[in-house]
Structures are given as structure tokens and as C-alpha cells.
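S.K.: sequence plus the predicted model coming up.
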Amino acid sequence: MKVLCGIGGSDDSLRALERTVDRAAVADDELTVAVVENPNADADVDEVTKRAEEAIAEAGIDAEVRRVEGDPGSRLVDIAEREGFDEIVLGGGRTSPMGKITIGPIAEFVLLNSMTSVTLVR
Amino acid sequence: MNDRRYPETAADRFEPPPIAFVDRKDREIEIRAYDGSEGAEEALVSMYTAFDPSDRAQGIPPGGEPRIRTWLEAILTDDCLNVIAWCDDEVAGHATLVPDDDAYELAIFVHQTYQEAGIGTRLIRGLLGHGQAEGIEKVWLTVERWNRAAVSLYEKIGFETSNAESFELEMALRLNESEAEG
């Protein structure tokens, strides 16, 4: 399967990265990790790119890490549709102190606009 | 999340628990602060295991007893404030304030058997009375925007919308004047 994993550096996006890389190793997915600019994330783009490259090297798979500039949600949807991806994988949102799940604006945009299947990793 | 806007003035005074009343279906209900007893915790577990999942809000209460116990353990700690509406030894509803940086996040659940009987309004007022007595300044919550009944209850109590840009509406209330600002 051709998988596009979009990450911006939030904790949930890094969990999605790990899960997607692990799955790609088992399922032999053709994986592209898109590093987007998430203004709400603590980590910057260089750090996130490095994390992605390390995770890929550790899993021993062959995957592309691509930096994506501009509005993250719309860029991810656009790339997935133009390049024929089968699935977009994103972080599943933050959990409040109470335990309530809140999904961020990137996932919200992708969910409402994507013609490609979307997986949110919890 | 720290740029949340709060109302400038503090809310009215709310009566702290214990509060006893008869609900609209003639049941005797008493609202009391959670006492940390095992009996109260087990009664909460029973309420949530029998809770209709269609009334879940953003993943809580979780499904299945093990997840319910884990979730309750996290919010029944000493730094959280919990208030229970009792009908004899059965839990009719539960409301909680969980610390989050300089504020508290609020959630309230009323079991389906006890809904639409005026218990929720009393319960949330009891929780806020408890919070005021404990000196809590700021409270926030999220609510699904299509849940008009809940939104109008929160508005009636004094909550104001602090963020309307995502799926869930975020609302905030000032319980006590801030000490720093007098």
C-alpha cells in the first residue's frame, strides 16, 4: 500500500510516525513521511525531519522523508490525491487532562476534505 | 492552550455541597463531595459501566470496566475535585474538576436513568460551589457544538465561549477573582 504519513512534531504525530514505520516494515508499505509546519508543535521542522529519518533507519526500511511547506492540511490532501496514495496517516489528537480527545485543525481539515482514506493513530 | 479567554468578572456564588433535593421524578437526591472511600469509587464504576455509550463525549467515559477504572483513578486523585449526585447508594451523576496548568477542566455525566430531572444543573452548581470554596479561579470545558442542551446549561451558569474554531466548542468561567489582580 502507498502510505502518506503527515507529521508536524506534536506528540500524537510522533506516535503516528512510529506506528506507521513499524507497520510499513511488516506490511512492506511504500511509505512517504511528509514533514509539515505545525505552529502548535513544540519541535521544529529540522528536529522532526531528523526523528523521521532515524525511525526509518531503525526499522531498516526504505522510505522518503519530504518537507512540505504551506498550509499543512490542504497540502497533504493535495499530495495524496495527485500522487495516488492509498492512505493518509495522522496523529489522533491531543488528550486533555480529563481524558477528552481533541483533534487538531490539520486532522480536521484532512478528514473533511480527503478523497483518500485517513487513519488517525490513537 | 494557555491563551484561553476567560470572562472578566467572576461568576455568582454557588452553594457548596452537601445539597439535598427532590428531583422532577420525585426521587430524593443528595449531592456530596467525593469522600475518597472505596464504596464511592465502586459506585462510580457501576454508574459508568452501565452508562449509554451514545452519551460519550470526546472519548469519555471510556468503554469497558478496565478502561473505566484507569480513567477514574486518574481523576479521583487529591488534586482533582469530584462531586457525586447520590440516589440512596446509587450514583445518579458525577462532576469533576481536573487541574490543567493554571486552570481546571470540567466534565459532568448524568446516568441515562436520571437525565432530564434537574439533576445536572444542581450537580454542576454543586461542583462549582465546591470549587469556589477551594479557591479555584478559572474553569474551562469543551462541548460538542450540536449539544444545544448542554451549551445552554453552561451559558445559563455563566460560561462564555472561549474558542469556537474547532469541532468542539470551548467555554470558560471565572469562579473567583484572581488574587494577583485583586
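M.R.: Here it is on my side, so go on.
S.K.: what is the neighbour count of residue 105?
M.R.: Picked chain A for this. 16 (other Cβ atoms under 10 Å in any protein chain shown). All C-beta atoms are positioned from the backbone trio N, CA, C, and that covers glycine.
S.K.: please go with chain B instead
M.R.: Neighbours of B:Glu105 (other Cβ under 10 Å): 20.
S.K.: swap in B:Val91?
M.R.: Other residues lying near B:Val91 total 22 when counted by other Cβ under 10 Å.
S.K.: and it, that's in a strand?
M.R.: Yes. Assessed by DSSP: H, G, I helix; E, B strand; the rest coil, B:Val91 belongs to a strand.
S.K.: contact partners for it?
M.R.: B:Ala43, B:Leu44, B:Ser46, B:Met47, B:Ile84, B:Ala85, B:His111 (Cβ atoms under 8 Å, 6 or more residues apart in numbering or on different chains).
S.K.: for chain A, see how far away it is.
M.R.: Distance of B:Val91 to chain A, computed by Cβ to the nearest Cβ, to the nearest Å: 18 Å.
S.K.: and the nearest residue to A:Ile101 once chain neighbours are set aside, how many neighbours?
M.R.: Distance criterion Cβ to Cβ, 6 or more residues apart in numbering or on different chains; nearest residue to A:Ile101, sequence neighbours excluded, is B:Gly59 at 4.1 Å. Using other Cβ under 10 Å, B:Gly59 is surrounded by 19 other residues.
S.K.: pLDDT at B:Gly59, what is it?
M.R.: pLDDT for B:Gly59: 93.
S.K.: for chain A, state which of the contacts of B:Val91 is nearest.
M.R.: Among the contacts of B:Val91, B:Leu44 lies closest to chain A (Cβ to the nearest Cβ), at 14.2 Å.
S.K.: give me the phi and psi angles of the closest one.
M.R.: When read as degrees, to the nearest 10, the backbone of B:Leu44 gives phi -70, psi -40.
S.K.: is it in contact with B:Leu72, as I believe?
M.R.: Yes. At 5.9 Å, B:Leu44 and B:Leu72 qualify as touching, with contact defined as Cβ atoms under 8 Å.
S.K.: name the residues that touch stretch B:17-27?
M.R.: Contacting residues not belonging to stretch B:17-27 are listed as B:28-33, B:83, B:87, B:92, B:114, B:116-119, B:122, B:126, B:129-130 [Cβ under 8 Å, 6+ apart].
S.K.: got a ChimeraX select line for the buried ones in the residues you listed?
M.R.: Restricted to buried positions by 16 or more other Cβ atoms under 10 Å in any protein chain shown, the ChimeraX selection for those reads:
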select /B:29,30,31,32,33,83,87,92,114,117,119,122,126,129,130
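S.K.: how many neighbouring residues does the nearest residue to B:Lys138 once chain neighbours are set aside have?
M.R.: Leaving out its chain neighbours, the residue that sits closest to B:Lys138 by Cβ to Cβ, 6+ apart is B:Ala103, at 3.9 Å. If you count neighbours by other Cβ under 10 Å, B:Ala103 ends up with 23.
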